Every structure is written in structure tokens, then in C-alpha cells.
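A.B. asks: Model the structure of this input:
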Amino acid sequence: MHDVLRNFIKEFGMLTDEEVNIIVDNANIKSYKKGTLLLREGQVAKECYFVLKGLVREYYIVDGEEKSTNFFTEMEPVNSFTSHTEGKPSRHFLVCSEDCTLTVGNDSLEQEMCRRIPRLEAIIRQEVENNTGKMQDHMANFITSSPEERYTQLMNEKPELLNRVPQHQIASYLGIKPESLSRIRKRMLTAK
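C.D. replies: Below you'll find the model as predicted:
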């Protein structure tokens, strides 16, 4: 998995081979079994993750029902920013939906890496800004689109989720009931 991480970091093209090796050599890579809770509602997030292999689901419990709000797959960061940065208890859960291999980071590791590679701080800030922009776009799209449009977007942007995630969790993520998802899928199949 170190090579997977190395190749991903090299894609940025902003770091020397020596700097990439420092990051990879200090990466804390762990394996987790399917069903492992990385963060529970009420806990303060102390760690952040990066998915090398597997799938992590974010969900809330609303009126006793799980509401999926995000799925993180290979080469995506997994963070609970509000909890982590403000020291507030998390309002959501993070669970491994598959067996996962993740990098595990914390404040002290990030500070040490930024001390050893000073320009890393600017790179991290740029990535946080990029991810924040994507989340804003995702939220705006969710609010302004119909369930069928959300499903179409999911098929276009992350089609692998449709085979990796149970349909009731996909429906929850789209903000609909499983029966509605079945109707949407049926309509789309007959429209072809």
C-alpha cells in the first residue's frame, strides 16, 4: 500500500521524490475490517483518514434511522472537520463499509510533516479548499435537483458505488425511500 500512496502523492507533481518518501515513510497505514466504526456520534474526532483501499460511509441517526450522507472510496480523504477543528462532539458516524486500508493522521503527525516539508502546509490548504468547494457544489446540487437527477449524477460521477453499497443506503444518500429508488431505476431502464 505504500506504493499506492507514493503514486498518488507523486501525481500532484509539487513535491520532490525525497519529500514524497518522507511522507510515505512516516505514513501510518492501518487495515480495518468491514463494520469497524472509525468515529461514533458524540466522540470528538482526533484522527483523519485517507482511503487507500475500501469504502467508508458517513451517516447520521435521525429519528432512529440511519441517513447516509457520504461515501469515501479509494484516494479520498475522510475527515470530520467540525469535530476535529473545533473539538466538538461529532454528530455523525464513520464506518468501514468494506475491509479498508487507510492512512491515519493526526495533528502532531501533520505538524511534524509540515515542519520537515514547509511547503506541504500550502499544499494541504489547497487540497482542503478544493474539497470544500466540491462539497459546496455537491450540497447545492443536492438541494436544487430532483431525486432522479441526483441518481443520474451518482451514476455519472461514482458508478462503482451502485455495486458496492446496499440499495437502501444509496436511497438514503439520495434522500429518498428504497421504493422510490426502485421506481427511478425502473423508469430509467424502460426509457433506454
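
A.B. asks: I'd like the distance between Ala191 and Glu11.
C.D. replies: 38 Å (C-beta to C-beta, to the nearest Å). Where C-beta positions appear, they are placed from N, C-alpha and C, glycine not excepted.

A.B. asks: repeat for Gly105
C.D. replies: 19 Å.

A.B. asks: Which of the two has more residues huddled nearby?
C.D. replies: Gly105 (18 against 8; other C-beta atoms under 10 Å).

A.B. asks: Run a quick neighbour tally on the residue lying closest to the more buried one once chain neighbours are set aside.
C.D. replies: Using C-beta to C-beta, 6 or more residues apart in numbering and skipping residues adjacent in sequence, the residue nearest Gly105 is Cys48, 4.9 Å away. Other residues near Cys48 come to 20 when the count uses other C-beta under 10 Å.

A.B. asks: Surely Cys48 and Ser83 touch.
C.D. replies: No. The criterion here is C-beta atoms under 8 Å, and Cys48 misses it with Ser83 at 10.4 Å.

A.B. asks: Assign a three-state SS to Lys30, would you?
C.D. replies: Classification of Lys30 by DSSP: H, G, I helix; E, B strand; the rest coil places it in strand.

A.B. asks: so how far is Ile176 from the residue nearest to it when sequence neighbours are not counted?
C.D. replies: Nearest non-adjacent residue to Lys30, counting by C-beta to C-beta, 6+ apart: Val104, 5.4 Å away. Separation of Val104 from Ile176 (C-beta to C-beta): 34 Å.

A.B. asks: Also Ser83?
C.D. replies: From Ser83 to Ile176 the distance is 28 Å (C-beta to C-beta).

A.B. asks: just checking, Val4 touches Val51?
C.D. replies: No. Counting by C-beta under 8 Å, Val4 sits too far from Val51 to count as a contact (10.3 Å).

A.B. asks: So the two - more neighbours on which side?
C.D. replies: The residue with more neighbours, out of Val4 and Val51, is Val51; 21 against 15, by other C-beta under 10 Å.

A.B. asks: After the helix or strand hosting the more buried one, heading C-terminal, what element do we hit next?
C.D. replies: Following DSSP states H and E, the helix or strand that holds Val51 is strand 48-53. As assigned by DSSP H and E, the chain's next helix or strand after strand 48-53 is strand 56-62.

A.B. asks: That next one: how far from the chain's middle?
C.D. replies: 12 Å (C-alpha atoms, centre = their mean, to the nearest Å).

A.B. asks: Give me the buried positions along the helix or strand following it.
C.D. replies: The helix or strand immediately downstream of strand 56-62 is strand 65-72, counting by DSSP H and E. Under the neighbour-count criterion of 16 or more other C-beta atoms under 10 Å, strand 65-72 has 68, 71-72 buried.

A.B. asks: again with stretch 112-127
C.D. replies: 113, 117, 120, 123.
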